[in-house]
Every structure is written in structure tokens, then in C-alpha cells.
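Enquirer: okay, sequence plus prediction incoming.
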Amino acid sequence: MPANTPEGPAAPAQEDPSRRPDIPYQRVLEGQPALVTGANSGIGKAIAIGLAKAGADVVVNYVTDPGAADDVAHAVEAAGGRAMTFQADVSREDQVAAMFTAARAQFGTLHIVVSNAGLQRDAPFEQMTLDQWNTVIGVNLTGQFLCLREAVREFNRRGPDKVVSAATGKIICMSSVHQQIPWAGHANYAASKGGIDMLMRSLAQEVAPRLIRVNAIAPGAIRTPINTSAWDTPAAYADLMKLVPYKRIGEPDDIARAAAWLASDAADYVTGATLFVDGGMTLYPGFATGG
Ligand code: BGC
């Protein structure tokens, strides 16, 4: 057992899996094809599988590692969903258009689009190259613009289908706590996520009368390949826990459950919202003992 500190119990050196409840998914997304970008690893992979557990069919988008995308497709099928994989770089307009065309050919339409693909190219500000800046903005912000635009076009084309869902379409943008928390050494990434906030809310305002719901999830520190160095040693994990009041790292499935809820009719009156799933990372943890 870790020693207690004056502030309360110390963080465990590694996560205790028993702390995370394993509640079965409700099959609330039956008959709803979903497209998830960046779905071959990390948060996107968990969302693809989580939506399938909730009853959806899933387009598994990836850029590299088709084998990993195939594995996710098999997991979707094992959960009872239909699956297809599609290679597309979300920062390329032609590739995004081709992906939506293929999805429509396979599943007839889409009801749910999770614009998740994202990356980091970290650097101290004065050393950040234009290439690092452009790569991050291109995938994290322009890539979401391109996917959201195709999603809205498809929802407009199909129109409402109240048998399947109260909303004509559901869009979920992947943001980050860094749409709110400034992040030294990651100015490109934080700027891209700050941009997502206004992209998401402006679009939500524009398409709400068409019964299209647009929301975002802002994850905190989630155990994925993007941030391995933040959790893969006991020292790094203990450091990370100083930023997490709930004293455990997030698991990709924590985000998948939020996505399944936002995509479902249980969230029918929710649009233009950002759901922070961060164990309290945005609660200014330093102020628990200071200020
Ligand atoms: C970043 C991670 C980071 C987390 C919390 C995420 O958006 O991609 O690298 O660990 O925010 O700081």
C-alpha cells in the first residue's frame, strides 16, 4: 500500500484495475452506422469497439497499420456489429470524401461520426517548425473540419429517420483538456484543440434546427500510445497523479462510454456541449492545498 500524505492517500504506483467498474453497454445504437477516425489505436479503437457493443456498425478509419485496423474490425464483429476498414488521411480532402462515399456504399448511410484522429508534434515554442505546426493543425483541426463537413452533407442528404434515432445525425469531436489548460511545449496541439471548441459550437448552432447534434469530448490523461511517457513508469505515473484529483489514469473505455452516451437518444437534448472526461484534471488540482 502506498503511504498516506497529509493531503490524503498517495496515488497508487500503477492503476488498480478493480477501481474501474465494468458495466455492460446498453444496446442503444442498434441500426446506426458510425464512422470513427483514427480507430486503429488508443481512444479511437476503444470508441469503435464501444459503439459496436452499443449496437452500432462501424467504419474503422486508419492511416497506418492496416493490421491493427483489421483487429479492431474483428472486435467490432465479435461485439455483433458490421465493420469495414478504410485508409484515409483526414487532412486530405479527397481521401475524406472517398471514405464517406465508401461508407455510404457499404452501410447505406451514417448516423454517427466520431472525429477522433489526432496527433502531437511537441517542441519548445522557439524551436517548433512550421512543419510541426502544420501537421498538427492539419490533422487535429482541418481534419475535423473535413470530416464534419462530409458528415453534415450526408445527414442533409438522408434527412431524418426517427425510427432509428430522434436526431438526424450525431457528431462527436475529440477535443482535450488542453482546449482549456494551456500546455507549454505543445502550443500547436493546444491551439488545435482550442479551435475544436469553436468549430464544434459554431457548427452545433448552425445545424441544430436540422436536428443534428454536435458535441465534443475533452479527455484528460488516458492510457494510450500518444502519452506513454506520462504513465509507463511508477515515477511518471506518480507525477501524473499530481494532476489528477481522482487518482487514476483514464482508460480508453472511459471515453468510449462517454461517446456511446453522447451518440444515443439518452443525450437527445445535448448539443454544443463539451464533456470533460478527465478525473478532475481541469479542477485546478494545485488549489486543493494552495491559493
Ligand atoms: C494529450 C496527452 C496528455 C493529456 C493530458 C491529451 O490531450 O494528447 O498527451 O497526457 O492530454 O495532459
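Expert: Right, received. Where do you want to start?
Enquirer: for residue 63, grab the count of nearby residues.
Expert: Counted with other Cβ atoms under 10 Å, the neighbours of residue 63 add up to 19. From N, CA and C alone the C-beta is placed, and that goes for glycine too.
Enquirer: how much space separates it from residue 93?
Expert: Distance of residue 63 to residue 93, given as Cβ to Cβ, to the nearest Å: 15 Å.
Enquirer: repeat for residue 287
Expert: Separation of residue 287 from residue 93 (Cβ to Cβ): 44 Å.
Enquirer: and residue 225, by the same measure?
Expert: Residue 225 is 27 Å from residue 93, where distance means Cβ to Cβ.
Enquirer: higher neighbour count, these two?
Expert: residue 93 (15 against 7).
Enquirer: next up, the contacts around the more buried one.
Expert: residue 146 (Cβ atoms under 8 Å, 6 or more residues apart in numbering).
Enquirer: so for it, what's the pLDDT?
Expert: At residue 93, the pLDDT value in this model is 98.
Enquirer: cool, residue 19 as well?
Expert: 74.
Enquirer: swap in residue 10?
Expert: Confidence at residue 10, expressed as pLDDT, is 46.
Enquirer: what's the answer for residue 3, then?
Expert: At residue 3, pLDDT is 39.
Enquirer: same check on the one 10 residues further on?
Expert: We note a pLDDT of 50 for residue 13 in this prediction.
Enquirer: ok, residue 74 to residue 41 distance?
Expert: Residue 74 is 15 Å from residue 41, where distance means Cβ to Cβ.
Enquirer: which one of the two is surrounded by more residues?
Expert: residue 41 (19 against 12).
Enquirer: pLDDT wise, what is the more buried one at?
Expert: Looking at residue 41, its pLDDT reads 98.
Enquirer: likewise the one 5 residues further on?
Expert: On the pLDDT scale, residue 46 is placed at 98.
Enquirer: quick check, it in contact with residue 253.
Expert: Yes. Assessed by Cβ atoms under 8 Å, residue 46 is found in contact with residue 253 at 5.1 Å.
Enquirer: between these two, who's got more neighbours?
Expert: Ranked by neighbour count (other Cβ under 10 Å), residue 46 and residue 253 place residue 46 first, with 25 against 19.
Enquirer: now what about the host helix or strand of the more buried one, what contacts it?
Expert: Under the criterion of DSSP states H and E, residue 46 resides in helix 42-53. With contact meaning Cβ under 8 Å, 6+ apart, helix 42-53 is reached by 24-25, 27, 29, 34, 36-39, 58, 60-61, 68, 72, 75-77, 79-81, 83, 112, 114, 116-117, 174, 219, 222, 224-226, 251-253, 255-257, 259-260, 263.
Enquirer: filter the residues you listed down to the ones near the ligand?
Expert: residue 226 (Cβ under 6 Å from any ligand atom).
Enquirer: what's the longest strand in the chain?
Expert: strand 212-219 (DSSP state E).
Enquirer: got the angle for that strand vs helix 42-53?
Expert: Orientation note: strand 212-219 sits at an angle of 130 degrees relative to helix 42-53 (axes from the mean of the first three to the mean of the last three Cα atoms, to 10 degrees).
Enquirer: neighbouring strands - and their directions - for strand 212-219?
Expert: Strand pairing for strand 212-219, using DSSP bridges, gives strand 169-174 (parallel), strand 274-277 (parallel).
Enquirer: in the next helix or strand after that strand, which residues are buried?
Expert: On the C-terminal side of strand 212-219, the nearest following helix or strand under DSSP H and E is helix 234-241. For helix 234-241, burial by neighbour count (16 or more other Cβ atoms under 10 Å) applies to 237-238, 240-241.
Enquirer: try stretch 279-291
Expert: Within stretch 279-291, the residues that count as buried by 16+ other Cβ under 10 Å are 279, 281-282, 285.
Enquirer: so residue 221 makes contact with residue 277?
Expert: No. Using Cβ under 8 Å as the test, residue 221 is too far from residue 277 to be in contact (10.7 Å).
Enquirer: list residues touching both of these two?
Expert: Between them, residue 221 and residue 277 share the contacting residues residue 250, judged by Cβ under 8 Å, 6+ apart.
Enquirer: find the closest residue to the ligand in the stretch 1-150 of the chain.
Expert: Across the stretch 1-150 of the chain, the shortest distance to the ligand (Cβ to the nearest ligand atom) belongs to residue 120, at 5.7 Å.
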